[in-house]
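In: Return atomic coordinates for the entry below.
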Amino acid sequence: MRIGLAGTGRIGAFHASTLAALDDVEQIVVADAFADAAARLAEENGYEFSPDLDDLLSRVDALVITTSTSGHAPAIRAAMASKVPVFCEKPVAATLAETVELVRLVDETEVPVQIGFQRRFDAGYRRAREAVVSGELGFIHTVRTNTHDQSPPPAAYIPTSGGLFRDCSIHDFDVLRFVTGREVARVYAVGANKGASFFTEGGDIDTGAAVLTLDDGTLVTISATRYNGGGHDVRMEVMGSEGTIGVGYDDSLAVRSAEAGVDYPRGPQKWSFMERFLPAYRVELAAFCDVVAGRTESPCTVADALQAFRVAEACEISRTTGRAVEMSEIGDAT
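Out: Below you'll find the model as predicted:
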């Protein structure tokens with residue numbers, strides 16, 4: 001199959017190389033608002049170049065969207081109008097209202113859309129889900145999860161990122177639903193800034209935390225930061241009446257023990273999300289090829305992305321108002 005790639009920045013180039021290595025993919029066709037960047041990526045890697053999205057859609061069997069957030073919704077709409085299956089990096093859109101509108105639009109068509117929450121394809125998170133579903137852990141009472149970036153993104157990224165909870169913790173919100181099979185009922189969130197001034201100037205935070213209550217009473221703590229000098233640190237602990245299981249606890253763990261005689265973890269650390277989740281990205285895009293070929297349905301839908309976005313929205317409201325927020329207050333849950 002021929003896969004179109006809209007957006008040739010860091011994650012776009014990364015996805016292109018992953019796709020090119022898959023058996024189902026015959027050719028990659030790339031386009032970008034910055035045509036020179038797309039042309040350069042094509043020339044360097046033997047991909048085909050396309051001057052714009054309309055031309056791209058006319059030449060491919062499926063579309064992978066890795067543009068800036070503002071380009072996601074228009075590209076999804078264009079692909080659906082052309083009957084081209086879509087893979088789109090999160091978020092689906094910049095606002096809750098537009099995300100809801102896209103859920104309804106997708107429901108009215110037969111064009112498959114898969115959203116890029118790669119943690120669903122990570123072996124550790126899948127093992128944790130299995131432990132929950134099988135009853136191995138007994139009843140679940142507490143979950144802890146974190147996303148800690150080693151270093152902050154460029155200042156120019158912050159005004160369009162949507163904020164720490166929508167940009168970073170949204171992965172935790174999605175995989176929390178995936179692992180537990182439950183929905184969030186209530187959130188209370190806080191945030192702080194001790195790093196670069198551009199976070200405050202952009203109305204954002206560099207560190208955040210939230211306490212979530214799930215619809216079965218399970219308690220969840222979530223933390224996120226742009227400043228984790230020890231390395232890129234993404235983990236989850238699922239605690240039950242019969243046991244506890246942890247995701248992300250290997251020799252790359254970006255935490256040193258204070259206990260004498262303990263040399264775990266031995267390293268090396270990981271320094272970016274692409275390094276941390278490289279195997280998961282490969283499985284995720286292979287799954288998309290299965291969707292395009294009609295071998296399976298989308299494993300992560302726009303409706304799934306909406307639920308994660310709703311939780312992020314609730315956290316941002318809680319952070320700015322200083323109160324707990326019921327999920328019933330947030331938009332359309334359909």
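In: what's downstream of the worst-scoring helix or strand of the chain on mean pLDDT, the next helix or strand?
Out: None of the helices or strands of the chain scores lower by mean pLDDT, DSSP states H and E than helix 158-161, at a mean of 90. Sequence-wise, the next helix or strand downstream of helix 158-161 (DSSP states H and E) is helix 164.
In: give me every residue that touches the spatially most central residue of the chain.
Out: By Cα atoms, centre = their mean, the mean C-alpha position of the chain lies nearest to residue 117, the distance being 3.8 Å. For residue 117, the contact set (Cβ atoms under 8 Å, 6 or more residues apart in numbering) comprises 90, 171, 174, 175, 178, 300, 304, 305, 308. Yep, even glycine has a C-beta here, placed from its N, CA and C like the rest.
In: switch to 10 Å and redo it
Out: 89-90, 170-171, 173-175, 177-178, 280, 284, 299-300, 304-305, 308 (Cβ atoms under 10 Å, 6 or more residues apart in numbering).
In: could you say what helices and strands the least confident helix or strand of the chain packs with?
Out: helix 197-201 (3 or more Cβ pairs under 10 Å, 6 or more residues apart in numbering; DSSP states H and E).
In: Break the protein down into its structural domains.
Out: 2-118+282-298, 120-275+307-329 (automatic domain parsing).
In: quick check: mean pLDDT across the shortest one?
Out: Confidence for domain 2-118+282-298, expressed as mean pLDDT, is 96.
In: And the strands in the stretch 151-300 of the chain?
Out: 184-192, 207-214, 219-225, 233-240, 243-247 (DSSP state E, counting those that start in this stretch).
In: Check which strands are paired with the shortest one and give the direction for each one.
Out: Think strand 243-247. strand 233-240 (antiparallel) (DSSP bridges).
In: now the angle from the partner strand to strand 219-225?
Out: Note on geometry: by axes from the mean of the first three to the mean of the last three Cα atoms, to 10 degrees, strand 233-240 and strand 219-225 are set 170 degrees apart in direction.
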